[in-house]
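Chemist: With the input below, show me the fold.
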Amino acid sequence: MSDHYAISIKTNLPPLPKPPGLPPRFNTKKANWQLYTDTLEQLTASLQYSLDLQEHEKQITTAIHDSALAAIPKTTHRRLYHKDWWFYSDRVKEVNHRQNQAKKIYRKNRTPEGLQHLRTTSRLVREEKNKIKEKKWFEWCSSLNASSSTGAIWKKLRAVSGSTPNRPTSHPNPHEEAERIALNFANTSPRHLPDATRRRQESLHNDRRHLINREKQKEHPTDCPFTMNELENALKTSQDTAPGRDGITYSVIRHAGPIAKAAILNLINHSWEAGQLPTTWKQALITPVPKSKNPGSYRPISLLSCLSKTAERMILRRLQ
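Modeler: Numbers count the residues shown, from 1 in each chain. Got it, this is the predicted structure:
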């Protein structure tokens with residue numbers, strides 16, 4: 001007999017908290033844009049704009065947000081992968097739909113003809129998907145060269161073998177990590193520069209301020225208010241990205257009606273003429289993202305208001 005006995009140990013440690021998911025966002029793919037546009041037109045037409053820039057921005061943002069809530073459903077962004085995600089395309093979506101339709105027909109009426117139709121459809125779908133997979137595989141193989149990353153090659157091979165990609169582990173306390181990253185960035189002040197560089201900056205500070213104040217007194221063609229054409233051109237090249245704290249995306253701004261766009265343009269010109277930005281335009285939603293080569297370290301992704309970035313794009317075009 002063995003003289004070793006099993007030992008049972010119980011601990012009262014609480015379970016590790018699950019990292020919080022992403023906040024709900026507007027699902028613009030399922031938006032009722034006509035309802036959104038009509039609602040926003042009614043709200044902006046009845047607004048009495050404040051002379052205070054902060055209150056003015058709040059009025060426009062609230063109108064856009066309320067209109068979006070009435071016409072656009074919200075969803076939590078979860079990354080879901082199809083079993084054939086690595087070669088998924090519109091054609092794969094179409095043939096999968098045909099196979100699902102054949103399955104529904106057979107479930108409703110289980111006849112020999114329906115079974116034969118399902119088997120034929122499944123065979124044709126399988127052949128079509130094999131062709132798509134083969135084409136996708138050869139395209140990827142032809143893209144390989146001497147500089148191809150070994151990690152990327154293994155990632156693709158695992159995908160072809162049927163495994164889903166590894167999702168980076170979220171930080172258990174994203175808010176604390178974001179605060180830590182922001183604090184480290186704030187501490188990167190000029191005092192870390194060489195003494196000669198800091199003394200030179202201090203000596204030039206007053207001269208620079210004087211030059212800026214002098215130039216501000218001069219009139220220039222770029223000081224005129226922005227036009228609707230400039231706003232439309234800025235929105236044409238804007239693709240939907242992760243929104244800032246207000247949750248407003250570029251497509252939400254783009255689908256605004258003429259009255260609402262005039263209100264947005266009025267807000268941007270108010271900020272331009274006042275020479276200051278609304279406070280919310282300077283507030284970023286910081287998300288710590290794991291570094292690919294060092295999962296234990298995080299880099300910050302700062303999400304700013306799309307209204308603010310639209311105004312920046314208009315200013316950049318004018319300066320260029």
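
Chemist: Span of stretch 154-173 from start to end?
Modeler: Stretch 154-173 has an end-to-end distance of 31 Å (criterion: CA to CA, to the nearest Å).

Chemist: just for this protein, where's the confidence low?
Modeler: 1-4, 15-23, 76-85, 162-172, 188-191, 292, 295 (pLDDT under 70).

Chemist: Now do the helices in it.
Modeler: Under the criterion DSSP state H, the chain carries helices at the ranges 33-45, 53-71, 90-108, 112-142, 150-160, 174-186, 195-216, 228-236, 250-254, 258-274, 306-319.

Chemist: The shortest one: how far from the chain's middle?
Modeler: Pointing back at helix 250-254 there. Here helix 250-254 is found 13 Å from its chain centre; the criterion is CA atoms, centre = their mean, to the nearest Å.

Chemist: which other helices and strands contact that helix?
Modeler: Secondary-structure packing of helix 250-254 (3 or more CB pairs under 8 Å, 6 or more residues apart in numbering; DSSP states H and E): helix 53-71, helix 228-236, helix 306-319. Heads up, the C-betas are built off the backbone N, CA and C, glycines and all.

Chemist: Run through who's touching it.
Modeler: 26, 28, 31, 36, 64, 68, 72, 235, 238-241, 264, 306-307, 310 (CB atoms under 8 Å, 6 or more residues apart in numbering).

Chemist: Can you select the buried ones from these in PyMOL?
Modeler: Filtering these down to the buried ones (16 or more other CB atoms under 10 Å) takes a single PyMOL command:
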select buried, resi 26+28+31+36+64+68+72+235+238+264+306+307+310
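
Chemist: any idea how far the spatially most central residue of the chain lies from Leu304?
Modeler: For the chain, the residue nearest the mean C-alpha position is Ala242 (1.7 Å; CA atoms, centre = their mean). To Leu304, Ala242 is 10 Å away according to CB to CB, to the nearest Å.

Chemist: Repeat that for Thr310.
Modeler: Distance from Thr310 to Leu304, by CB to CB: 11 Å.

Chemist: just Asn96 next, same as before
Modeler: Asn96 is 38 Å from Leu304, by CB to CB.

Chemist: Looking at those two, which has the bigger crowd around it?
Modeler: Neighbour count, other CB atoms under 10 Å: between Asn96 and Leu304, Leu304 has more, with 20 against 15.

Chemist: got the contact list for that one?
Modeler: Applying CB under 8 Å, 6+ apart, the residues contacting Leu304 are 244, 281, 284.

Chemist: So the chain: which segments form each domain?
Modeler: 30-74+174-319, 85-160 (automatic domain parsing).

Chemist: any chance of those domains in TSV, plus distance to Tyr5?
Modeler: Shown next, in TSV, are those (distance: least, CB to CB, whole Å):
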stretch	distance to Tyr5
domain 30-74+174-319	39
domain 85-160	43
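
Chemist: so how far is Ile64 from the residue nearest to Tyr106 when sequence neighbours are not counted?
Modeler: Spatial nearest neighbour of Tyr106, excluding adjacent residues (CB to CB, 6 or more residues apart in numbering): Gly114 at 4.3 Å. Per CB to CB, Gly114 is found 50 Å from Ile64.

Chemist: Next up, the contacts around the spatially closest residue to Pro258 that is not a sequence neighbour.
Modeler: Residue nearest to Pro258 in three dimensions, not counting chain neighbours: Glu41, with 7.9 Å by CB to CB, 6+ apart. By CB under 8 Å, 6+ apart, the contact set of Glu41 is 257-260.

Chemist: Just the buried residues from these, in ChimeraX please.
Modeler: This is the ChimeraX syntax for the buried subset of the contacts of Glu41, where burial follows 16+ other CB under 10 Å:
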select :257,260
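
Chemist: Distance to Ile153 added to the contacts of Glu41, as CSV?
Modeler: Putting the contacts of Glu41 into CSV (distance: CB to CB, whole Å) gives the following:
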residue, distance to Ile153
Gly257, 50
Pro258, 52
Ile259, 54
Ala260, 49
